[in-house]
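# sequence-free structure coming up:
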DNA sequence: TAATTAGTTAAGCATCCACTTGACTATTGG
DNA sequence: CCAATAGTCAAGTGGATGCTTAACTAATTA
């Protein structure tokens, strides 16, 4: 997979998660699938507003849906979350390795008697 | 810490990470501190644009800076990344527990001879 | 001290975002 | 059949974002 495609995917996933309403929707779907009406019920905003949030989540792959009769059921699609978590993890391990290297250098310095 | 304060913090962190330029800045700072000019050098955009990105990163706590003489040096502030990673981790473990419960139910069904 | 370097401020602009209301379609229950 | 239910479409609005250029300040260097 090419870098700027992943980049674009990450753009969209992080953008999607940068909204408290959408994060609550994700958190709700973690506990299992639900219809639009049920998903919208806890929020003070209009139904179309919630639907737009769901469309954002779906268009970046965090969520999927199917329609049966007149009710559309959404479910979590964990791959998207994993992508974001993976990027964060990479940064953290990079950071930790840097600290390790720094610690190593300091230790080496000390052994050479370089106290400053 | 109150929920909607964390929420707002998460808004800002995810929003900050929802931009490829800012993610590259973070990735660069993972390898160690750097001055504004060095941070800006790889990008095709103007210096002020990069500075605005840095301000976004700093204002949400992903990054910190200090000025010595005429050069301002930025460094990573890992707590912000941890907050985002933690939220994602919570969702993932919630999801995994749900799958476990589902698996348990299916197993119980099988023992009862409920094959459908 | 004059020129260069590093960073900052401000204004302007095109685009995107979150939300609203109102009108509409399709499915289902009485 | 009709009426309620579940969802969808479309247009509009106010405010945030990402970038630009131009003008400016402060620290260094020749």
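Sure, I can see it. Everything numeric here is computed off the predicted structure, so don't read it as measured data.
# Just the pLDDT for residue A:99.
Note on residue A:99: pLDDT of 90.
# I meant to write residue A:64 there.
Residue-level pLDDT assigned to residue A:64 equals 98.
# Please apply the same query to residue A:116.
42.
# now swap in residue A:71 and tell me
98.
# Mind listing the residues bridging to the closest residue to it other than its chain neighbours?
In space, and not counting its chain neighbours, residue A:71 is closest to residue A:35: 4.8 Å by Cβ to Cβ, 6 or more residues apart in numbering or on different chains. Where C-beta positions appear, they are placed from N, C-alpha and C, glycine not excepted. Beta-bridge pairing for residue A:35 (DSSP bridges): residue A:73.
# hang on, residue A:35 packs against residue A:70?
No. Using Cβ atoms under 8 Å, residue A:35 is not in contact with residue A:70, being 9.7 Å away.
# ok, those two, which is more surrounded?
Set side by side, residue A:35 and residue A:70 show more neighbours around residue A:35, with 16 against 6, by other Cβ atoms under 10 Å in any protein chain shown.
# how about the residues of chain A near DNA strand C?
A:15, A:18-19, A:21, A:44-46, A:48-49, A:52-53, A:56, A:68-70 (Cβ under 7 Å from any atom of the strand).
# If any of the residues you listed are buried, give me the PyMOL selection for them.
To isolate the buried members of these in PyMOL, using 16 or more other Cβ atoms under 10 Å in any protein chain shown:
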select buried, chain A and resi 15+18+19+21+53+56
